[in-house]
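1. Sequence below, structure please.
(one chain, ligands or ions: 2)
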Amino acid sequence: MPVFRKDPCGIICVFVTYAAVFYADYVVTRWIILTSFYDSLWGSFHLVVFNIIIGFLSAAHMRAVLSDPGIVPLPQSRIDFSDYHAKERSEEGEGNWTICNRCEAYRPPRAHHCRICNRCIRRMDHHCPWINNCVGEWNQKYFMQFLIYVGLLSGYAASLVVYSWTTTDCPYCPTDLLVKQSRVLHSVILMLESLLFGMFVLAIMIDQLSAVFSDETAIEHVKRLGRHRSRKPRMTLLSEICGRGPIFMWFLPCHNGPRGFEPSSNYHV
Ligand SMILES: [Zn+2]
Ligand SMILES: [Zn+2]
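-> Numbering: from 1, shown residues only. Ligands and ions are numbered 1, 2, ... in the order given. Below you'll find the model as predicted:
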């Protein structure tokens, strides 16, 4: 079932994300391709590839926004925890179910409570306003795909701007001063936007990959929950996030077979 948080900060961030993507598409189409590539087949090529990346970016983003990150279901009836609280802290760690005082529910190992979603999330990494959702066990793959596509789009847009600046042969470039100035202004804004978002997602991606490879979510790292460093191979750890299907499927915003860490799984290496 799709989820959508009524968090003002998250809604603004989602809006800003799409505004930035559509603006990049506008500048690339109107001010770069229709001028620097007007009479060449490369123009159509860049237009198609650029919009395919935007398609993948939007699909991954929408899935990250709307999919259930791994919400732990609430119990049907109230549970009596009176004898449980004393030993709760000491039992927290790998392999043990814990109790969430706010949800008043048992939660599986590695689940944490998100104050914004107001629910416990399985293998919660962090709450991300850019997807207006938690990054957890069931949507981390889409979140990482979103980062990859934003990085790809930023690099692509920046390269097109650099090309349009360096090319001297531009018979269709505007000669009117005002139009010329608009072109320069839009190109500069797009360049800054690409650098800003590109570096931002690169930093988060490095963070995400180091979290995946150390088999430790951001919350576990901060809370120092004493998980032992995983000895699993990196590809196994990645398949736990991205699914066990073929590797090219890891980059597509669709479900990709069971994940390695699902409770029913007996996937060991
Ligand atoms: Zn909770
Ligand atoms: Zn959350």
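2. hey, let's count contacts and neighbours off CA atoms from now on
-> Fine.
3. Spell out which parts of this protein neighbour ligand 2.
-> Within the chain, the positions near ligand 2 by CA under 5 Å from the ion are 114, 116-117, 127, 134.
4. In strands, which of those appear?
-> Secondary structure assignment by DSSP state E places 114, 127, 134 of the residues of the chain next to ligand 2 in strands.
5. ok, back up a step: how about the residues of the chain next to ligand 2 in TSV, adding distance to residue 223 and neighbour count?
-> Shown next, in TSV, are the residues of the chain next to ligand 2 (distance: CA to CA, whole Å; neighbours: other CA atoms under 10 Å):
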residue	distance to residue 223	neighbour count
114	14	18
116	18	16
117	19	18
127	15	18
134	17	30
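6. nearest to ligand 1, of these?
-> Nearest to ligand 1 among the residues of the chain next to ligand 2 is residue 114, at 6.7 Å by CA to the ion.
7. Can you give me the distance of the closest one to residue 124?
-> 8 Å (CA to CA, to the nearest Å).
8. list the residues that contact both of those two?
-> residue 134 (CA atoms under 8 Å, 6 or more residues apart in numbering).
9. buried ones in the helix ranked longest in the chain?
-> Using DSSP state H, we find that the single longest helix of the chain is helix 177-213. Applying a neighbour-count criterion of 16 or more other CA atoms under 10 Å, the buried positions in helix 177-213 are 183, 186-187, 190-191, 193-195, 197-198, 201, 205, 208, 211-213.
10. show me what contacts the nearest residue to residue 97 once chain neighbours are set aside?
-> Leaving aside its sequence neighbours, residue 97 sits nearest to residue 108 (CA to CA, 6 or more residues apart in numbering; 4.7 Å). By CA under 8 Å, 6+ apart, residue 108 lies in contact with 96-98, 122.
11. min pLDDT across those residues, which one?
-> Ranked by pLDDT, those bottom out at residue 96, which has 77.
12. roughly how far apart are the nearest residue to it once chain neighbours are set aside and residue 138?
-> Leaving aside its chain neighbours, residue 96 sits nearest to residue 109 (5.4 Å; criterion: CA to CA, 6+ apart). Taking CA to CA as the measure, residue 109 and residue 138 are separated by 15 Å.
13. Which one's more surrounded, these two?
-> Neighbours per residue (other CA atoms under 10 Å) separate residue 109 from residue 138, with residue 138 holding more: 24 against 15.
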